[in-house]
Every structure is written in structure tokens, then in C-alpha cells.
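S.K.: quick one, fold the following:
(one chain, ligands or ions: 1)
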Amino acid sequence: MLESPELPVIRVRGLTKRYKDVTAVDGIDFDVAVGTTFALLGANGAGKTTTISMLLGVLLPTAGSIELLGEDMLRHRHRVLARINFSSPYVDLPRRLTVREVLKVYGGLYDLPNLNARIAEVCEELQASDFLKRPLGDLSAGQRSRVALAKALLNRPEILLLDEPTASLDPDTADWIRSYLMDYQARTGAAILLASHNMAEVERMAADVAIMRAGTIVDRGSPQSLLARYGRDDLEDVFLHIARNGDVAPEAAQ
Ligand code: ATP
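M.R.: Alright, predicted model coming up:
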């Protein structure tokens, strides 16, 4: 945990990623405080995954800065990586390995002490212990999501980057995973950055929401403040309003 909790654990300034013809992320700024969840919303192609990939250090920004846990990610990535983790249904884990083997490989990357005990503990919490001997490729999507989350929590991350963590899950499993994540956050003070298309999920989990369009943040605020600003009853209506007619409230906080 950080010595000084008032410091944001994620601090992003002027973050930009340009490809040849596309500006995927165009000079965005945001902070995430310890123990809070910040959500990135946006239509397909808005720049959410690109943002997360830059935070993880797997994509180099074209411009801008990223500080995680007080460290400059572009210069001292190695000091931070052991304290963060991520989960995305779009990054496939090796399917021929058993769940235990997969978790051992990833736990090994983090050089975790008492890895077998940690795997048993995290799988117990995520109700994934029954799958440990099974190849990942034999599991259902929901079961694989639990394993992906177990992988993401092995190192007890202080920052968790989640790209659509409940995509393709049935409502019951999705709800269970959200509750689990909120409980993990309450217990550990972890900060969560969540990219999601599920508005109910964002309303439930996130204290702050940024709405992205074409690589920029066009509005941001708590779910309640966004509902009030657009005079809507739920976040889905706010999202559709911004996505469809491009009309952002004049008082939008960018
Ligand atoms: P989705 O909701 O569909 O996952 P997203 O908000 O995560 O979308 P990104 O994947 O970040 O969007 O993509 C942002 C933009 O950058 C898109 O226009 C995409 O086509 C473009 N893009 C992403 N990766 C590359 C690449 N390697 N080369 C060129 N353009 C790219």
C-alpha cells in the first residue's frame, strides 16, 4: 500500500497513441485514487483497450506520461509490474495446460513465495478449486473467467486493470464476479481501472466514469453526476445520448 494515500495511484497526463492513420488515444488525463474504481466507457474503437495496454506497459505511448504507484511507467516499469495485474477475456491463456499449470507459469513470472499455497487460496476464494486439474480449453467461458481472475489476483495487485471482466458471462456469474471484485477492493484498498460496455456494472462498481470518443475523454464524473447532467435515469441512456447524437453537455467535465 502507498505511504501517502492521498496520492493518486494512477496518474495519466496527455496520454497519446498514434498509429500511421489513426490516433487511437488523443491526449487524455485522469487520476485514480487508492481504493476506488475508475471506469472507461466508449463505443467500439474509442480507445479503451489502447489506454489499458499503455498502462500495462505492453504498448508504448506516442506522447504523455503514466505514473503508477508513484513511479514513472515509461522509465521504471520494472518497479511497478509486480504490484499490478490485469484481466481481459480477449487475452487467451494457454488452453492445453491445466489450470494449475497456467497459474504456476504466471505465479512464477511474479516470483511469488509459497506459490502452491497462494494458488490454492485464490482458487478457493474464486470457487475454482474444482478445475485445477482440468485443461483450460475444456472449461466453460464462465469457468475460464474465474481462472483469468485468479491469475490476475495471484500477486495481490494494488492496481487491477480490467478490460470487460464480465463479457460473455451469464448474469449470475457476472454478478458474483463484480461482488468478488468489490470485496477484494474493500479488503485490500486496490484501485481498479475498468473498461466495460455494461452500464449497470459501471454504475455499481465505479466512483468515477470517463466517456471516451475517438480517443478523447468527452465527459466524466460520478455516475450520479452524469445522470443529473444529462437528465437521464440510467447510464445506458447517457451513453446512447452521447454516442448517437454526439451532443455533450456544455458543462461537461473534460
Ligand atoms: P472496443 O470497445 O471495440 O474494444 P476500444 O475502445 O477498446 O474498442 P481500441 O482497441 O483501443 O478501442 O482501438 C482504438 C482505435 O485504435 C481503433 O480505431 C482501432 O482500430 C485502432 N487501433 C488499435 N490498434 C491498432 C493498431 N495496432 N494499428 C492501427 N490501429 C489500431
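
S.K.: residue contacts, G107?
M.R.: Applying Cβ atoms under 8 Å, 6 or more residues apart in numbering, we find G107 in contact with L115, R118, I119, L154, N155. C-betas here are computed from N, CA, C, even on glycine.

S.K.: and if you look at V80?
M.R.: So V80 contacts G57, L68, L69, E71, M73 (Cβ under 8 Å, 6+ apart).

S.K.: of these, which is the nearest to the ligand?
M.R.: G57 (15.6 Å; Cβ to the nearest ligand atom).

S.K.: of all the contacts of G107, which two lie farthest apart?
M.R.: I119 and N155 (11.7 Å; Cβ to Cβ).

S.K.: between those two, which one's more packed in?
M.R.: I119 (24 against 20; other Cβ atoms under 10 Å).

S.K.: does the more buried one belong to a helix, a strand or coil?
M.R.: helix (DSSP: H, G, I helix; E, B strand; the rest coil).

S.K.: identify the residue nearest it in space, chain neighbours excluded?
M.R.: Excluding its sequence neighbours, the residue lying closest to I119 (Cβ to Cβ, 6 or more residues apart in numbering) is L103, at 4.7 Å.

S.K.: so who does the one you found touch?
M.R.: Contacts of L103 (Cβ under 8 Å, 6+ apart): I119, V122, C123, V147, A150, K151, L154.

S.K.: who wins on neighbours among those residues?
M.R.: Of those, with other Cβ under 10 Å as the count, A150 tops at 28 neighbours.

S.K.: element containing that one?
M.R.: Assigned by DSSP states H and E, A150 belongs to helix 141-153.

S.K.: other SSEs contacting that helix?
M.R.: With contacts taken as 3 or more Cβ pairs under 8 Å, 6 or more residues apart in numbering; DSSP states H and E, helix 141-153 sits against strand 84-87, helix 99-109, helix 115-125, strand 159-163, helix 171-188.

S.K.: mind listing the helices for the stretch 151-254 of the chain?
M.R.: According to DSSP state H, counting those that start in this stretch, the stretch 151-254 of the chain carries its helices in the segments 171-188, 199-205, 223-230, 235-245.

S.K.: relative to N44, which of those helices is closest?
M.R.: If we rank the helices of the stretch 151-254 of the chain by Cβ to Cβ, the stretch that ends up nearest is helix 235-245, at 10.1 Å.

S.K.: who does the residue nearest the centre of the chain bridge with?
M.R.: The structure's the chain has its C-alpha centroid closest to L162; by Cα atoms, centre = their mean the separation is 2.2 Å. Taking DSSP bridges as the rule, L162 bridges to S87, L194.

S.K.: and what of I66?
M.R.: V12.

S.K.: mind listing what it touches?
M.R.: I10, R11, V12, L15, M54, L55, D72, M73, L74.
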